[in-house]
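Undergrad: Have a look at this fold, sequence not included:
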């Protein structure tokens, strides 16, 4: 039951590079907390097989690992070229054709997957292809044909993504395919479902409704990657359990220069609204081909950690790179280094007032005590992980040991900063007995020592959701016994 002292969690995307025997075990040993299944690639059966492999590896290695299913969403792509790719020159005319089954593309034109595109663009708009590497200016819209002028020389190949500078494409976030894939995610029993290109709270609510109807109680992750999502940020955060700063498409739509400030804003907004937040995309991109990251990448990961992100994510680096395990090791090392730079001074003046829920008040009291009297750990008995999420929003020096008998709750908590989920069945125990047994378990595992103080939170009645209403200040006695110092 030992844990690394790393507070920030690591997500790693699975793919061809993680399929060979032994790689998954090595990734989990290197410190992966949650794995991501990218539903944009591969067929559902390959994702089901990967999920099974993860559960088996987690069992062998003896760790809790969450699984995140990432829906493709309505990514707009160009269709295929007759020759696979073309070289376009600045000043050339190049048409996009929005119709079913367009002919294979050539130097003059290519089909586009979104048939509503002609209605969403106007002369003067700039379209960005392949993450902005190629730019087109719209000259005219003639029925299903969009006439554009190429703005810079570049190669264009099959199925590259298309964005509009400044956003404004009116697709809904959930395609029919996404709705089918939520069913696959439910069948796998994933812990998180990520909604790509969400625009507003309604998109998140619809995804949640479909997941629940499929019998899936996964946490819902909103991927912030459209200009519209920034305008509706507060409502999207409120409608999500987890928020992902998806910097790829977001950077393309709003421009690179705006990205750093927006990343900080999204992290700040998520923490202020008691949501978990992931920072993603190209964090260690050079490690797709190289065994060590660049200094700029090290600074990027560290800055996200210092900003307070719960988790950092690897995409291509782990899914298709040459050094998936080294990438996770580098990520872990950088997080640990950055965490030493943390400023632990939680500003309780800025903390929310008039809390309506007892568990929020208990969480805040626990953090205030932890800050002002110094404790070795916070131990929380939890059913769903709700109290633990509030606890982890406040920065403190103390690790939060989350004791729960629910596998799903523990795996969802695996994404929360500072939280270490532990399997513990408190059924039939009085609150005091649960405290005693939990402390003994931590003592026996070498996580607590005699004489250390800790805070214990629970409900009067075990096994009730949202029932946390008790806070105890305890000291570890000889042999791991618990001695009471005070109770709230």
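TA: Received, thanks. Keep in mind it's a predicted model, so treat the numbers as computed, not measured.

Undergrad: contacts, neighbours, all on C-alpha from now
TA: Fine.

Undergrad: Which neighbouring elements make contact with the helix or strand harbouring residue 401?
TA: Element membership for residue 401 (DSSP states H and E) is strand 400-404. Using 3 or more C-alpha pairs under 8 Å, 6 or more residues apart in numbering; DSSP states H and E, the elements in contact with strand 400-404 are strand 377-381, helix 386-393, strand 419-423.

Undergrad: Go again with 7 Å.
TA: strand 377-381, strand 419-423 (3 or more C-alpha pairs under 7 Å, 6 or more residues apart in numbering; DSSP states H and E).

Undergrad: the inter-axis angle of that strand versus helix 386-393?
TA: Computed by axes from the mean of the first three to the mean of the last three C-alpha atoms, to 10 degrees, the angle separating strand 400-404 from helix 386-393 equals 170 degrees.

Undergrad: tell me the angle of strand 400-404 relative to strand 377-381?
TA: Using the same axes, to 10 degrees: strand 400-404 against strand 377-381 is 20 degrees.

Undergrad: Following strand 400-404 in sequence, what is the next regular element?
TA: Counting by DSSP H and E, what follows strand 400-404 is helix 407-413.

Undergrad: Select the longest helix from the protein.
TA: Counting residues, the longest helix found in the chain (DSSP state H) is helix 44-61.

Undergrad: pLDDT on it, on average?
TA: Averaged over helix 44-61, pLDDT sits at 97.

Undergrad: Which strands or helices does the helix or strand just after it pack on?
TA: Next in sequence after helix 44-61, counting helices and strands by DSSP H and E, comes strand 66-70. The contact analysis (3+ C-alpha pairs under 7 Å, 6+ apart) places strand 66-70 against strand 34-38, strand 192-195.

Undergrad: got CSV for the ones you listed, with mean neighbour count too?
TA: Compiled in CSV, the helices and strands packed on strand 66-70 are given as follows (neighbours: other C-alpha atoms under 10 Å):
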stretch, mean neighbour count
strand 34-38, 25
strand 192-195, 28
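
Undergrad: Reformat these as JSON lines; add mean pLDDT and distance to residue 175.
TA: Below are these laid out as JSON lines (pLDDT from 0 to 100; distance: least, C-alpha to C-alpha, whole Å):
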{"stretch": "strand 34-38", "mean pLDDT": "98", "distance to residue 175": "16"}
{"stretch": "strand 192-195", "mean pLDDT": "98", "distance to residue 175": "11"}
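
Undergrad: For residue 325, find the nearest of those.
TA: Nearest to residue 325 among the helices and strands packed on strand 66-70 is strand 34-38 (13.1 Å), distances taken as C-alpha to C-alpha.

Undergrad: Please work out which residues outside the closest one touch it.
TA: 10-14, 47, 65-71, 414-415 (C-alpha atoms under 7 Å, 6 or more residues apart in numbering).

Undergrad: Distance from the chain centre to stretch 317-328, please.
TA: From the chain centre to the centre of stretch 317-328 is a distance of 18 Å (C-alpha atoms, centre = their mean, to the nearest Å).

Undergrad: Check stretch 196-211 too.
TA: Centre to centre, stretch against its chain (C-alpha atoms, centre = their mean), the figure for stretch 196-211 is 16 Å.

Undergrad: where in this structure is pLDDT low?
TA: 1-4, 343-355, 460-467, 484-488 (pLDDT under 70).

Undergrad: Could you give the backbone dihedrals for the most centrally placed residue in it?
TA: With distances taken as C-alpha atoms, centre = their mean, residue 278 lies nearest the centre of the chain, 3.8 Å away. Here is the backbone geometry of residue 278 (degrees, to the nearest 10): phi -110, psi 140.

Undergrad: could you measure it against residue 307, distance?
TA: Separation of residue 278 from residue 307 (C-alpha to C-alpha, to the nearest Å): 11 Å.

Undergrad: Same question for residue 131.
TA: For residue 131, the distance to residue 307 - C-alpha to C-alpha - is 26 Å.

Undergrad: Likewise for residue 267?
TA: 7 Å.

Undergrad: How about residue 405?
TA: 32 Å.

Undergrad: same check, this time on residue 76
TA: 32 Å.

Undergrad: Over to residue 300?
TA: The gap separating residue 300 from residue 307 is 11 Å, by C-alpha to C-alpha.

Undergrad: Double-check that residue 277 belongs to a helix.
TA: No: read with DSSP: H, G, I helix; E, B strand; the rest coil, residue 277 is strand and lies in no helix.

Undergrad: Let the chain start at 27 from now.
TA: Let's use 27 as the start, then, which means that last one is residue 303.

Undergrad: which residues touch it?
TA: 268-270, 293, 296, 335-337 are the contacts of residue 303 under C-alpha under 7 Å, 6+ apart.

Undergrad: do that again at 6 Å, thanks
TA: 268-270, 335-336 (C-alpha atoms under 6 Å, 6 or more residues apart in numbering).

Undergrad: Return the subset of those residues lying in strands.
TA: 268-270 (DSSP state E).

Undergrad: can those residues go into TSV with extra columns for distance to residue 200 and neighbour count?
TA: TSV is the format used below for these (distance: C-alpha to C-alpha, whole Å; neighbours: other C-alpha atoms under 10 Å):
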residue	distance to residue 200	neighbour count
268	17	24
269	17	29
270	17	29
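
Undergrad: which of those lies closest to residue 121?
TA: For the ones in strands among the contacts of residue 303, the closest approach to residue 121 (C-alpha to C-alpha) belongs to residue 270, at 34.1 Å.

Undergrad: What is the neighbour count of the closest residue to residue 503 other than its chain neighbours?
TA: Among residues not flanking residue 503 along the chain, residue 476 sits closest, at 5.1 Å (C-alpha to C-alpha, 6 or more residues apart in numbering). Per other C-alpha atoms under 10 Å, the neighbour tally for residue 476 reads 14.

Undergrad: do residue 321 as well
TA: Residue 321 has 9 nearby residues by other C-alpha under 10 Å.

Undergrad: can you check the one 5 residues further on too?
TA: Residue crowding around residue 326 was assessed by other C-alpha under 10 Å; the count is 16.

Undergrad: Which helix or strand contains it?
TA: Going by DSSP H and E, residue 326 is in helix 321-333.

Undergrad: quick one: the strands in the stretch 377-514 of the chain?
TA: 403-407, 426-430, 445-449, 479-485, 494-502, 508-513 (DSSP state E, counting those that start in this stretch).

Undergrad: Farthest pair within the contacts of residue 303?
TA: 268 and 335 (11.1 Å).

Undergrad: sorry, back to before: and the helix holding residue 326, how far out from the chain's middle?
TA: 16 Å.

Undergrad: Run through who's touching that helix.
TA: Contacts for helix 321-333 (C-alpha under 6 Å, 6+ apart): 310, 364.

Undergrad: Whatever helix or strand comes next after that helix pairs with which strands, and in what direction?
TA: Heading C-terminal from helix 321-333, the first helix or strand you meet, by DSSP H and E, is strand 337-340. With DSSP bridges as the test, strand 337-340 is paired with strand 35-39 (parallel), strand 302-306 (parallel).

Undergrad: possible to save those strands as TSV with distance to residue 506?
TA: What follows is the strands paired with strand 337-340, written out as TSV (distance: least, C-alpha to C-alpha, whole Å):
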stretch	distance to residue 506
strand 35-39	29
strand 302-306	33
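
Undergrad: tell me the helices in the stretch 227-376 of the chain, going along the chain?
TA: In the stretch 227-376 of the chain, the helices defined using DSSP state H, counting those that start in this stretch lie at 227-239, 253-257, 259-264, 273-280, 285-298, 321-333, 342-345, 350-365.
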